[in-house]
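[1] Sequence plus the predicted model coming up.
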Amino acid sequence: MFLLFHTAVAAILPSNACTAKPANQISRQANSDAPETCGGALGISFFTGSWQQALSTAAKLQRPVFVLLGNYSVTEYRQLELTVFNHEETELFFNSHFFNCKFNPAGTDGAMLKSKYHLMQLPVCLFFSPTGELLLQENSPIDKEKLLNAGKKALDIFRQKPDNAHMMPVSNQQLSKEFTREYIQLLEYHIKYKNGFRSPDFLYEYAYLLKKFNEPVQTVVNQYLSGINITDFSLPRNVLFIYDFADDIQSTAFSLLVSNRFYYSAILDKQKTEQRIIEALKSAVFNAAVNNNNAQFNAVLSVLKKCRLADEQKTELSLRALFFEKTNNWPDYSGLIIGQYRNGENINPDLLDDAAWKFAIHVNNEPKLEKALQWTELNMKQQPYNFKYRETYAALLYRLNEPKKAMKEAERAKEIARKKGDYYLNTLNLIDIIQKKLPLTEDIRN
């Protein structure tokens, strides 16, 4: 069975994945717009997860956070990477004392930081405590000495903070020690990798360390898979390794999982295997949406066709809905959902409610809002004491220019929630908006 692996890889990868290259050269399109550099092993080691994940990890490590906010397409940003971040002195200082991360201002977290701190000149270097308190800001232009001085100053400010600024409860101290040990091990592995270590056992361990700290990992994964004997793919640890790292549709691991999905379905579980494939496809769609790239999205759909999933049509609809939603293409999103849900019969009530709420917030077409109202009426008929469904109903009525009815239903939703002891702050927010005749916004339901 596993002799099929290498011949099947090229058939699965999309045309823009450089399939003619050896497996260890397959490119990885990450959340950042910067190219991958050997799994993050050169220069300052940057974390690539979300802002909240960065703060959580920094708290466990009891380190301040260094943030680079900028766009790789800007020349000054690239110059920073080439001349400042890859310098041995800055690498040693920042990897030893800070939890480092970078964000694109076009992404969700990057846009949040840019807006919150009114950042006009990019790239910019920011220093935070693990609680998210801004310690220091260093604007462009930035050279090595300027960055090191800023880092030392921010470190001094951090060390003068009270212990609660580190956000480390006593119960987490053991976890912190373990986390710190593993992070130090990761930094050691960065150096070994930079110095040419490529043994299978080393790459195997390095890949899991990179994954644990949300650093770019696919180059290392591809090198590991291309360096082991094809007969060893069926070993239990390699079966699990391929499954664990099949989260990027342009990776070797994903291609191996897809081309041998029947084997994995027998060894692991069919539903679990297909869910892993779908998660990778959704991640790729999310990246395409962030880039607002229709060609990238169509490439994902091409990969879906090659996966031959049991419910391909349902998966394709969910991927299209995700892309339309994340690109704020609400006319196509609403048309797709209406075509899929029709009268709402035999559809999970929570799915109906989620769609109806999005209609209430984003859709400006009256017939479509009326359709969402029908779905919500169906939900309330089935579950009359679900205050969330009635809250959605009130929002739709408000959008359909029936504020009195909307207020009545919102008050009823509040009363139902109050009697059941449910949390109904969102309902109060909706009532306030109706009273003040304000537009509905996405953050009502937080």
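    Yep, it's here. Residues are numbered from 1 along each chain as shown.

[2] What residues sit buried inside stretch 231-244?
    Going by neighbour count (16 or more other Cβ atoms under 10 Å), the buried part of stretch 231-244 is 233, 238, 239, 241, 242, 243. To be clear about C-beta, it is placed using only N, CA and C from the backbone, and glycine gets the same treatment.

[3] whoops, I mixed them up, stretch 438-446
    Using 16+ other Cβ under 10 Å as the test for burial, stretch 438-446 gives 440, 444, 445.

[4] Where do the helices of the stretch 1-150 of the chain begin and end?
    5-12, 51-61, 75-79, 88-97, 108-116, 144-159 (DSSP state H, counting those that start in this stretch).

[5] And the average pLDDT for the first one is what?
    Summarised as a single mean, pLDDT over helix 5-12 is 42.

[6] for the third one, same thing?
    Helix 75-79 shows an average pLDDT of 69 in the prediction.

[7] Retrieve the pLDDT associated with the closest residue to residue 111 other than its chain neighbours.
    Leaving aside its sequence neighbours, residue 111 sits nearest to residue 105 (Cβ to Cβ, 6 or more residues apart in numbering; 6.0 Å). Residue 105 carries a pLDDT value of 85.

[8] Quick check: the gap between residue 105 and residue 351.
    33 Å (Cβ to Cβ, to the nearest Å).

[9] List the buried residues for the host helix or strand of residue 264?
    Residue 264 is part of helix 261-264 when elements are defined by DSSP states H and E. Residues 261, 263, 264 are the ones in helix 261-264 that count as buried (16+ other Cβ under 10 Å).

[10] Run through the residues that contact the last one.
    With contact taken as Cβ atoms under 8 Å, 6 or more residues apart in numbering, residue 264 is in contact with 239, 243, 257, 273.

[11] could the residues you listed be laid out in TSV, adding distance to residue 313?
    Output for those, formatted as TSV (distance: Cβ to Cβ, whole Å):
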residue	distance to residue 313
239	29
243	25
257	21
273	19
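
[12] Just the closest of the buried residues of helix 261-264 to residue 317, please.
    Nearest to residue 317 among those, counting by Cβ to Cβ, is residue 261 at 20.6 Å.

[13] what's the closest non-adjacent residue to the closest one?
    Excluding the flanking residues, the one nearest residue 261 by Cβ to Cβ, 6+ apart is residue 273, at 5.5 Å.

[14] does the one you found sit in a helix, a strand or a coil?
    Three-state assignment for residue 273 (DSSP: H, G, I helix; E, B strand; the rest coil): helix.

[15] Could you check the helix or strand hosting residue 296 and say which residues are buried?
    Per DSSP H and E, residue 296 falls inside helix 294-307. Buried residues in helix 294-307, counting neighbours by 16+ other Cβ under 10 Å, are found at 296, 297, 299, 300, 301, 303, 304, 307.

[16] Including pLDDT and distance to residue 324, could the residues you listed go into CSV?
    As requested, the buried residues of helix 294-307 are arranged in CSV below (pLDDT from 0 to 100; distance: Cβ to Cβ, whole Å):
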residue, pLDDT, distance to residue 324
296, 94, 14
297, 96, 10
299, 95, 17
300, 95, 13
301, 96, 13
303, 94, 19
304, 95, 16
307, 90, 21
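
[17] Would you format those residues as CSV with distance to residue 228 included?
    Formatted as CSV, these follow (distance: Cβ to Cβ, whole Å):
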residue, distance to residue 228
296, 31
297, 34
299, 29
300, 29
301, 32
303, 25
304, 29
307, 24
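
[18] rewinding a little: now do the contacts for the residue nearest to residue 111.
    Residue 105 neighbours (Cβ under 8 Å, 6+ apart): 69, 70, 71, 111, 113, 114, 119, 122.

[19] One more: residue 307?
    Contact analysis of residue 307 by Cβ under 8 Å, 6+ apart lists 12, 258, 261, 277, 281.

[20] Repeat the analysis, applying 6 Å as the threshold.
    258, 277 (Cβ atoms under 6 Å, 6 or more residues apart in numbering).

[21] And the average pLDDT for the helix holding residue 264 is what?
    83.

[22] Send me that helix as PDB with only the CA atoms.
    The C-alpha trace of helix 261-264 is given here as PDB (Å, rounded to 0.1, in the frame of the first residue of the first chain):
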ATOM      1  CA  ARG A 261      -6.900   7.800   2.800                       C
ATOM      2  CA  PHE A 262      -8.400   4.300   2.600                       C
ATOM      3  CA  TYR A 263      -5.400   2.900   4.500                       C
ATOM      4  CA  TYR A 264      -5.700   5.700   7.100                       C
END
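
[23] Narrow the contacts of residue 105 to just the buried residues.
    69, 70, 71, 113, 114, 119, 122.

[24] Can you give me the distance of the fifth one to residue 103?
    Looking back up the chat, that one is residue 114. Taking Cβ to Cβ as the measure, residue 114 falls 9 Å from residue 103.

[25] likewise the third one?
    Taking Cβ to Cβ as the criterion, residue 71 is separated from residue 103 by 10 Å.

[26] buried set for stretch 182-201?
    Across stretch 182-201, burial judged by 16+ other Cβ under 10 Å covers 183, 186, 187, 189, 190, 193.

[27] and if you look at stretch 418-426?
    Buried-residue list, stretch 418-426, by 16+ other Cβ under 10 Å: 424, 426.

[28] Would you mind measuring the gap between the ends of it?
    Terminal residues of stretch 418-426 lie 13 Å apart, using Cα to Cα, to the nearest Å.

[29] State the pair within the buried residues of helix 294-307 that is farthest apart.
    Maximum distance among the buried residues of helix 294-307 (Cβ to Cβ): 17.1 Å, for 296 and 307.
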